[in-house]
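Visitor: model the structure of this input:
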Amino acid sequence: LKDSIRIRTWLEIDGKPIAKSKYQETVAQFISGLADQSEAVRKVRDGEMVTAEEIQEIVLLFEGCEHPISVENLREAWGAKRVSLEEFLAHILRGEDLPDWEAKVRGEFESFLQENSTFNVRQIEMLNALCNYVIDNEAVKKRDLVYFDSFTNIDQDGFPGVFKPNQIDTILSFTEALTA
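Guide: Numbers count the residues shown, from 1 in each chain. Model (predicted):
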């Protein structure tokens, strides 16, 4: 006889456990069914751009689902931290892959470096350390730029030893937008 092991993982929604796979299935069916009712959902399904108002319209439609749909619940059910509602909708309605956090962060940092091509080698080294920090910690506080080991190993003063204040503000704005 062959043994089989089935691993189930659970979400807790409104104080009740539900299997993640069941939640995924229910939510995917519900959202797919909304395409018949909503122009905004059809636009997402067809790969068209949607406005913030249309996203809010979709969120209001979620109230009809038997299990509460929220970005937090979707992230937990799919095990995909930092995925936006729009990305979940594209995944459910068009079968797009959910973005990998590390790949997303590395891609955004690469774009940032290309847009700001005046950095020297030492600054790029510091930004690469920051990229790894964001991947691991998901957020950056200004004080981390001065005291965190990965940065003080490059320069004893951390970011202030390598970047000008206006550059630090630009970098913090970038990381805040990325991790929002």
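
Visitor: tell me how far T9 lies from A177.
Guide: For T9, the distance to A177 equals 31 Å [CB to CB, to the nearest Å]. Where C-beta positions appear, they are placed from N, C-alpha and C, glycine not excepted.

Visitor: can you list contacts of whichever strand or helix holds L130?
Guide: Under DSSP states H and E, the secondary-structure element containing L130 is helix 121-137. Under the contact criterion CB atoms under 8 Å, 6 or more residues apart in numbering, helix 121-137 has outside partners 101-102, 105-106, 109, 112-113, 119, 140, 144-145, 148, 150-151, 153-155, 159, 162-163, 167, 171, 175, 178-179.

Visitor: just the buried residues out of those, in ChimeraX syntax.
Guide: One line in ChimeraX is enough to select the buried members of the contacts of helix 121-137, burial here meaning 16 or more other CB atoms under 10 Å:
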select :105,106,109,112,119,140,144,145,148,151,154,155,159,162,163,171,175,178
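
Visitor: pLDDT-wise, which helix or strand of this protein ranks last?
Guide: Using mean pLDDT, DSSP states H and E, the weakest-scoring helix or strand in the chain turns out to be helix 144-147, at a mean of 83.

Visitor: alpha carbons only: can I get that helix in CSV?
Guide: Provided in CSV are the C-alpha atoms of helix 144-147 (Å, rounded to 0.1, in the frame of the first residue of the first chain):
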residue,chain,number,x,y,z
ASP,A,144,17.8,52.0,9.2
LEU,A,145,19.9,53.8,6.6
VAL,A,146,22.3,55.0,9.3
TYR,A,147,22.4,52.0,11.7
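
Visitor: what is the mean pLDDT for the helix holding L130?
Guide: Averaged across helix 121-137, pLDDT comes to 93.

Visitor: and it, how far from the chain's centre?
Guide: Shown here is helix 121-137, whose average C-alpha point lies 18 Å from the average C-alpha point of the whole chain (CA atoms, centre = their mean, to the nearest Å).

Visitor: good, we can wrap up now.
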